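In: I'll drop the sequence and a predicted model, then ask my questions.
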Protein chains: 2
Amino acid sequence: MPINPTGTPPTDFTPPPNLKRVRKGLVVINTGNGKGKTTAGFGMMLRAWGRGMNSMAVQFIKSEKSKYGEQMAAEKIGIEMIPAGRGFSWTSKDLTEDEALAQNGWRIAKEKITSGEYDVIMLDEITYPITWGWIDVEEVLEVIANKPEMLNLIITGRDAHEKLIEVADLVTEMNEIKHPYADQGIPAQKGVEF
Amino acid sequence: MPINPTGTPPTDFTPPPNLKRVRKGLVVINTGNGKGKTTAGFGMMLRAWGRGMNSMAVQFIKSEKSKYGEQMAAEKIGIEMIPAGRGFSWTSKDLTEDEALAQNGWRIAKEKITSGEYDVIMLDEITYPITWGWIDVEEVLEVIANKPEMLNLIITGRDAHEKLIEVADLVTEMNEIKHPYADQGIPAQKGVEF
């Protein structure tokens, strides 16, 4: 009977209960070109909610008009998810407005982070406005450095800035191995994918 | 002002609304040695729940005794997550019992899949009992081939069998870039990580 052929326990499970707990809020980054960055961040928020912790998200790309499954779920259970985008900008006629939306989202995020009222805050897809120069990475780093000690911060999006990677505690890269759009021409499925 | 320097839209967003929708249930695999496999699967279940869809999970490693945040969240909102494991087996004295637990989990999973009552079913960490030879991959493939057409199936765990990858619609590999246990000796944080 083949047992645990890899020989080492995976790192993505609870440590043994006798391990001394050095509690601190983590800075978590989900990056890479694959799926699951936002979804895993959302799952972390829900998990925290399951434990009675307080979480919220600012979504830097998703617009107020879109109806995403995670927004609907969050609404049902009373988790605040603030949209601060208009979808992706490459077809946008008014980039100034997009930039203003992102900066407004960042202003809200800073207030939420410094408020001390949350256990988990997700800055969903904030990497894009950082990449586009709309939000200053140095200011983000400063806010992270001064965040409440126990606050867990989740940052998602492609091409996370190397300075963010540097200060993060946990960085996961989601890589696309196989994708239904590219391989089979299947559009995104309502419910599971958005 | 730098705009969309990568030039191509990301694949992890909603397609344009005028795209013809070829609806079908997807087989989704989250694999790799990084974090977020289960969490993203859980997020997909919650997203589906947000849209009023019906989801459940069989968890092949997590034991009935453990209290995980996702189980607590699922319980709060009435999503069934059935534990069918005892934690990881390398310290187990009774492997026969572990194998029986996994096979029982698989029996339950098959019933749920064929029932036609669900939109989303997660087979959480089923890759391990498959790797260990406790669940026959050929039988899993047969169940996948005959699943209800609209059912979305989420499979998580390291080392997903290549035959599973072959039949999957969407495969994402979660890779660990930086991890707090290894790098800083920080144990898993209650709430966000489990």
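Out: Structure received.

In: can you give me the strands for chain A?
Out: Per DSSP state E, chain A carries strands over the ranges A:27-31, A:55-63, A:80-85, A:120-124, A:152-156, A:170-178.

In: list the buried ones in stretch A:35-55?
Out: Judged by neighbour count (16 or more other C-beta atoms under 10 Å in any protein chain shown), stretch A:35-55 contains these buried residues: A:35-51, A:53, A:55. Yep, even glycine has a C-beta here, placed from its N, CA and C like the rest.

In: typed the wrong thing, it's stretch A:152-168
Out: In stretch A:152-168, the ones that count as buried by 16+ other C-beta under 10 Å are A:152, A:153, A:154, A:155, A:156, A:157, A:158, A:160, A:161, A:164, A:165, A:168.

In: ok, which of those also contact chain B?
Out: Counting by C-beta under 8 Å from any C-beta of the partner chain, A:152, A:154, A:158, A:165, A:168 from these sit close to chain B.

In: wait, isn't the second one in contact with residue A:25?
Out: What it means is residue A:154. No: proximity of residue A:154 to residue A:25 does not meet the contact threshold set by C-beta atoms under 8 Å, at 10.5 Å.

In: adding mean pLDDT, write the strands of chain A out as JSON lines.
Out: As requested, those are exported to JSON lines (pLDDT from 0 to 100):
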{"stretch": "strand A:27-31", "mean pLDDT": "96"}
{"stretch": "strand A:55-63", "mean pLDDT": "90"}
{"stretch": "strand A:80-85", "mean pLDDT": "89"}
{"stretch": "strand A:120-124", "mean pLDDT": "97"}
{"stretch": "strand A:152-156", "mean pLDDT": "97"}
{"stretch": "strand A:170-178", "mean pLDDT": "91"}
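
In: hang on, the earlier thing: out of the ones next to chain B among the buried residues of stretch A:152-168, which comes closest to chain B?
Out: Using C-beta to the nearest C-beta, residue A:152 is the member of these that sits closest to chain B, with 4.7 Å.

In: these two touch, right, the closest one and residue A:122?
Out: No: using C-beta under 8 Å, residue A:152 makes no contact with residue A:122, being 9.2 Å away.

In: shared neighbours of those two, anything?
Out: residue A:44 (C-beta atoms under 8 Å, 6 or more residues apart in numbering or on different chains).

In: if we can go back for a sec, JSON lines for the strands of chain A, including distance to residue B:126?
Out: Shown next, in JSON lines, are those (distance: least, C-beta to C-beta, whole Å):
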{"stretch": "strand A:27-31", "distance to residue B:126": "23"}
{"stretch": "strand A:55-63", "distance to residue B:126": "29"}
{"stretch": "strand A:80-85", "distance to residue B:126": "31"}
{"stretch": "strand A:120-124", "distance to residue B:126": "28"}
{"stretch": "strand A:152-156", "distance to residue B:126": "26"}
{"stretch": "strand A:170-178", "distance to residue B:126": "17"}
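
In: out of these, which is closest to residue A:103?
Out: Taking C-beta to C-beta, strand A:80-85 is the member of the strands of chain A nearest to residue A:103, at 8.8 Å.

In: which residues of chain A fall in helices?
Out: A:37-50, A:69-77, A:95-115, A:127-131, A:137-145, A:162-167, A:180-184 (DSSP state H).

In: residue A:171 bridge partners, please.
Out: Beta-bridge pairing for residue A:171 (DSSP bridges): residue A:29, residue B:178.

In: separation between it and residue B:174?
Out: Distance, residue A:171 to residue B:174, using C-beta to C-beta, to the nearest Å: 11 Å.

In: of those two, who's got more company?
Out: It is residue B:174, of residue A:171 and residue B:174, that has more neighbours when counted by other C-beta atoms under 10 Å in any protein chain shown, with 28 against 25.

In: hang on, isn't that one packed against residue A:174?
Out: Yes: between residue B:174 and residue A:174 there is a contact under C-beta under 8 Å: 5.7 Å.

In: any common contacting residues for these two?
Out: Joint contacts of residue B:174 and residue A:174 (C-beta under 8 Å, 6+ apart) are A:36, A:40, B:36, B:40.

In: spit out the contact partners of the nearest residue to the first one once chain neighbours are set aside.
Out: By that I understand residue A:36. The shortest distance from residue A:36 to any non-neighbouring residue, by C-beta to C-beta, 6 or more residues apart in numbering or on different chains, is to residue B:40 (3.7 Å). Residue B:40 makes contacts with A:35, A:36, A:39, A:40, A:43, A:174, B:30, B:172, B:174, as judged by C-beta under 8 Å, 6+ apart.

In: can you redo those residues as TSV with distance to residue A:67?
Out: Formatted as TSV, the contacts of residue B:40 follow (distance: C-beta to C-beta, whole Å):
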residue	distance to residue A:67
A:35	19
A:36	20
A:39	16
A:40	21
A:43	19
A:174	24
B:30	24
B:172	24
B:174	27
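
In: return the member of the residues you listed nearest to residue B:148.
Out: Nearest member of those to residue B:148, counting by C-beta to C-beta, is residue B:30, at 21.2 Å.

In: tell me the contacts of residue A:124?
Out: A:38, A:41, A:57, A:58, A:59, A:60, A:61, A:62, A:81, A:154, A:156, A:157.

In: ok, 6 Å please
Out: A:38, A:57, A:59, A:156 (C-beta atoms under 6 Å, 6 or more residues apart in numbering or on different chains).

In: from residue A:59, how far out is the last one?
Out: When C-beta to C-beta is applied, the distance between residue A:156 and residue A:59 equals 9 Å.

In: got it, and residue A:141?
Out: Noted for residue A:141: a distance of 21 Å to residue A:59, by C-beta to C-beta.

In: who has more neighbours, the two?
Out: residue A:59 (24 against 15).

In: pLDDT weak spots in chain A?
Out: A:1-22, A:64-66, A:87-94, A:180-192, A:194 (pLDDT under 70).

In: got the contact list for the nearest residue to residue A:76 once chain neighbours are set aside?
Out: Counting by C-beta to C-beta, 6+ apart, residue B:50 is the residue found nearest to residue A:76 once chain neighbours are left out, at 6.3 Å. Going by C-beta under 6 Å, 6+ apart, residue B:50 touches A:69, A:72, A:73.
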